[in-house]
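S.K.: Okay, here's the prediction I keep looking at, along with the sequence it came from:
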Amino acid sequence: MEDLVKFVQDEFVAKKEVPEFSAGDTITVYYEIKEGNKTRTQFFRGVVIQRRGSGSTETFTIRKMSGTIGVERIFPVNLPALQKIEVNKRGKVRRARIFYFRGLTGKKARIKEKRS
């Protein structure tokens, strides 16, 4: 039964072209916000903490600092309001989910850049 559900999701859900990114990367997500009858584009730039799920249910979590307060946002990969994703910096981390990043402050909260 699960195979059938996965097949239907893969066939009928429109796929978006997203760049390759993983935990530790700094990305900018541009998405549409509807306010009444107007729409505007807003961006959210931060470090990817995790990617989870697969297929049409895949999501990723981004964390940024707004002043001294940490703000996290979860985006579905197939969100219709998602306009584009830019990868600003590739981070070098050893884990797929960097929840320990939440507890770090100051210079310890920096992630080394991947050398290409």
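M.R.: Here it is on my side, so go on. Residues are numbered from 1 along each chain as shown.
S.K.: which ones are touching the residue nearest the centre of the chain?
M.R.: Nearest residue to the geometric centre of the chain (CA atoms, centre = their mean): F60, 3.9 Å. Going by CB atoms under 8 Å, 6 or more residues apart in numbering, F60 touches 21, 48, 50-52, 74-75, 77. Any C-beta I mention is one placed from the backbone N, CA and C, and that applies to glycine too.
S.K.: of all those residues, which comes closest to E2?
M.R.: R52 (17.3 Å; CB to CB).
S.K.: which residues sit in contact with the closest one?
M.R.: Taking CB under 8 Å, 6+ apart, one finds 58-61, 97 in contact with R52.
S.K.: So which of those wins on neighbours?
M.R.: Most neighbours among the contacts of R52, by other CB atoms under 10 Å: F60, with 23 neighbours.
S.K.: Now it, what are its backbone angles?
M.R.: Main-chain dihedrals, F60, degrees, to the nearest 10: phi -140, psi 150.
S.K.: Next one: it relative to I33, how far apart?
M.R.: 19 Å (CB to CB, to the nearest Å).
S.K.: Go ahead and confirm K15 touches N78.
M.R.: Yes. Between K15 and N78 there is a contact under CB atoms under 8 Å: 7.3 Å.
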